[in-house]
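**Student:** could you work out the structure for the sequence below:
(one chain, ligands or ions: 1)
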Amino acid sequence: MPLLTTNQGIGKYIITLSPFMDAPIGLDNMTNYATLRYKGTPTNPPTILTSVPAQNATPVKVPLNIDHSLLFTVGVGVNPCATCVNGSQLVADINNLSFKHITLTYIPGVFTDDFPGNPPIPFNYTGNPSTNIQTMNGTRLYRLPHNATLQIVFQGTAGLGNFDSNKDPRSVWLLHCNLEVHITWGLKMAYLVENGEGPNESLPPPPSDLPKC
Ligand SMILES: [Cu+2]
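**Tutor:** The predicted structure is shown next:
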């Protein structure tokens, strides 16, 4: 995707650059300015006053036909832990599932493909606060056919993805928090993207010398 398409009329332009941030986290919120001068611009072009677009006014092309609509609630829970100081440990979860394994080789029977696309129990916003904040542990994947389009509503926090459906191969794809510590708490899940048609849309078989479990 080009960063800048120079398809405007000959002239001198101002470019501004500011960070996109949709989470309430402190950051260096400066706006950078630069000028862009097209070839053939007169030495002293007229100056036209303009205003800077609103913060986060970023046009994004999104697909309009969706195959899978997911709602992911992201939370923190407390699970029993026999070896921990207080007998319990903080965990994080997506749809109440704390993902337990770092190694992501897809081994049939170890990873299952029943990751819930919605929270198992809808939160009662007008009820009493939860008393049970234990999560389920699991190594569940969400299965997607080749070339599927999905949208995810995240509740609780925001995430940025970098999956490029045009370039990235079919495989198991990990979705995780951007904070390392939360990943160790289980704030992750994975997609299992099935092969499509032909070798260009399929994962090659593992090499013959791949170590066995
Ligand atoms: Cu996190």
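**Student:** can you list the residues of this protein near the ion?
**Tutor:** Residues of the chain lying close to the ion (C-beta under 5 Å from the ion) are 177, 179, 182. Every C-beta, even on glycine, is put in place using the N, C-alpha and C of the backbone.
**Student:** buried members of those into PyMOL, please.
**Tutor:** A single PyMOL command selects the buried members of these (16 or more other C-beta atoms under 10 Å):
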select buried, resi 177+182
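**Student:** restricted to helices, list the residues of the chain next to the ion.
**Tutor:** Within those, residues falling in helices by DSSP state H are His182.
**Student:** give me the lowest-pLDDT entry from the residues of the chain next to the ion.
**Tutor:** Within the residues of the chain next to the ion, Leu179 has the lowest pLDDT, namely 83.
**Student:** just give the number of residues close to the residue lying closest to that one once chain neighbours are set aside.
**Tutor:** Using C-beta to C-beta, 6 or more residues apart in numbering and skipping residues adjacent in sequence, the residue nearest Leu179 is Leu187, 7.9 Å away. Counted with other C-beta atoms under 10 Å, residues neighbouring Leu187 total 25.
**Student:** check which helices and strands the longest strand anywhere in the chain sits against.
**Tutor:** When the chain is scanned for its longest strand (criterion: DSSP state E), the result is strand 68-80. Judged by 3 or more C-beta pairs under 8 Å, 6 or more residues apart in numbering; DSSP states H and E, the packing partners of strand 68-80 are strand 88-94, strand 150-155.
**Student:** what is the rounded mean pLDDT of that strand?
**Tutor:** Computed over strand 68-80, the mean pLDDT rounds to 93.
**Student:** that strand pairs with which strands, and in what direction?
**Tutor:** Paired neighbours of strand 68-80 in the sheet (DSSP bridges): strand 88-94 (antiparallel), strand 150-155 (parallel).
**Student:** what about stretch 58-75, how long is it end to end?
**Tutor:** 28 Å (C-alpha to C-alpha, to the nearest Å).
**Student:** list the contacts of the longest strand of the chain.
**Tutor:** 87-96, 98, 117-119, 123, 133-135, 137, 142, 144, 148-157, 177, 185, 187, 189 (C-beta atoms under 8 Å, 6 or more residues apart in numbering).
**Student:** just send the helices and strands packed on strand 68-80 back as CSV, with mean neighbour count, mean pLDDT and distance to Thr6 too.
**Tutor:** Converted to CSV, the helices and strands packed on strand 68-80 look like this (neighbours: other C-beta atoms under 10 Å; pLDDT from 0 to 100; distance: least, C-beta to C-beta, whole Å):
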stretch, mean neighbour count, mean pLDDT, distance to Thr6
strand 88-94, 21, 94, 42
strand 150-155, 13, 90, 32
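**Student:** so which of the ones you listed gets nearest Lys61?
**Tutor:** Evaluated over those, closeness to Lys61 peaks at strand 150-155, with 13.5 Å, by C-beta to C-beta.
**Student:** and the chain, split by domain according to the record?
**Tutor:** The chain breaks down into these domains under automatic domain parsing: 9-57, 68-199.
**Student:** single out the most deeply packed of these.
**Tutor:** Of these, the one with the most neighbours on average (mean count of other C-beta atoms under 10 Å) is domain 68-199, at a mean of 14.
**Student:** compute the first-to-last residue distance for that one.
**Tutor:** Using C-alpha to C-alpha, one end of domain 68-199 lies 25 Å from the other.
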